[in-house]
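S.K.: Sharing a model that was predicted from the sequence below.
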Amino acid sequence: MSQDDLKRATARAAIDHIAPKLEADSIIGVGTGSTANFFIDYLAEIKGRFDGTVASSDASAERLKSHGIPVYDLNSVDGIQVYVDGADEANPALELIKGGGAALTREKIVAACADEFLCIADESKWVSVLGHFPLPVEVIPMARSLVARELVKLGGDPIYRQGVTTDNGNVILDVYGLQITEPEALEAAINNLTGVVTNGIFARRPADILLLGTASGVKTFTAE
Ligand SMILES: O=C[C@H](O)[C@H](O)[C@H](O)COP(=O)(O)O
């Protein structure tokens, strides 16, 4: 089975998970990335069984609209029933690293609004300790060097992601070399640096459920 097959399987499982709970006024939060894209394509098969979506990126909004699925501004909806998104890493507490596609800030905002956060990922994303994947940090452009120096003091090796501007007009530093043994503390410490918009650790708001695509089928995890 290819990695894409595993992503498709977990995206399909997400549809099976949410479909029975949908109502005519349901709003679904939709994430960003290749796994989320498979989810969007399957979501099109059940459009009309929910009201619409809130997207975590311009790219996902465009893909949703291309399928004729309504996309709302977050400020115009009362709540989000479920948020479905991929991840770059997930640990047994369902804490995540996200932002490989530079969408981390809007993803974190939509996740924070959601009653349930359903993470969909292939088994390559499963780790015991977060940090092998370089941690994305969204930074106000003029603060890039300042924040990079502070990240070095925290033990990381930040690399500027050349040529990438986020949907919010900011830049990304990818931080290598972190062994994230205390995700919630590091998430808070990095977010507290002047010039940081947010970082890709999702520990304050971890996933509620992880659907992990494996060679032996999709496995369901809840936080330990
Ligand atoms: O910014 C991007 C998001 O955090 C993605 O959810 C994450 O990078 C996983 O993407 P993919 O499903 O393509 O592996």
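M.R.: Done, it's in.

S.K.: elements contacting the biggest helix by length in the chain?
M.R.: When the chain is parsed with DSSP state H, its longest helix is helix 3-18. On a contact count with 3 or more C-beta pairs under 8 Å, 6 or more residues apart in numbering; DSSP states H and E, helix 3-18 meets helix 34-43, strand 80-85, strand 114-122, strand 209-214, strand 217-222. C-beta: built from backbone N, CA, C; applies to glycine.

S.K.: Point out the other elements, helices or strands, that the fourth one touches.
M.R.: Packing partners of strand 209-214 (3+ C-beta pairs under 8 Å, 6+ apart): helix 3-18, strand 114-122, strand 217-222.

S.K.: Put the alpha carbons of that strand into CSV.
M.R.: In CSV, the C-alpha atoms belonging to strand 209-214 read as follows (Å, rounded to 0.1, in the frame of the first residue of the first chain):
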residue,chain,number,x,y,z
ILE,A,209,-9.5,11.2,18.0
LEU,A,210,-6.7,10.0,15.6
LEU,A,211,-7.6,7.9,12.7
LEU,A,212,-4.3,6.3,11.7
GLY,A,213,-4.0,4.7,8.3
THR,A,214,-1.8,1.6,8.6
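
S.K.: buried ones in that strand?
M.R.: Ile209, Leu210, Leu211, Leu212, Gly213 (16 or more other C-beta atoms under 10 Å).

S.K.: same check, this time on the first one
M.R.: By neighbour count on 16+ other C-beta under 10 Å, the buried set for helix 34-43 is Thr35, Ala36, Asn37, Phe38, Phe39, Ile40, Tyr42, Leu43.

S.K.: follow-up on the earlier one: relative to Ile27, which of the helices and strands packed on helix 3-18 is closest?
M.R.: Nearest to Ile27 among the helices and strands packed on helix 3-18 is strand 80-85; the distance by C-beta to C-beta comes to 5.2 Å.

S.K.: what's next to the helix or strand just after the closest one, contact-wise?
M.R.: Downstream of strand 80-85, the next assigned helix or strand under DSSP states H and E is strand 89-90. Strand 89-90 is contacted from outside by 96-97, 119, 121, 125-127, 130-133, 207, 210, 212, using C-beta atoms under 8 Å, 6 or more residues apart in numbering.

S.K.: Quick one: name the residues of this protein near the ligand.
M.R.: When proximity is defined as C-beta under 6 Å from any ligand atom, the chain approaches the ligand at 31-36, 85-88, 98-104, 107.
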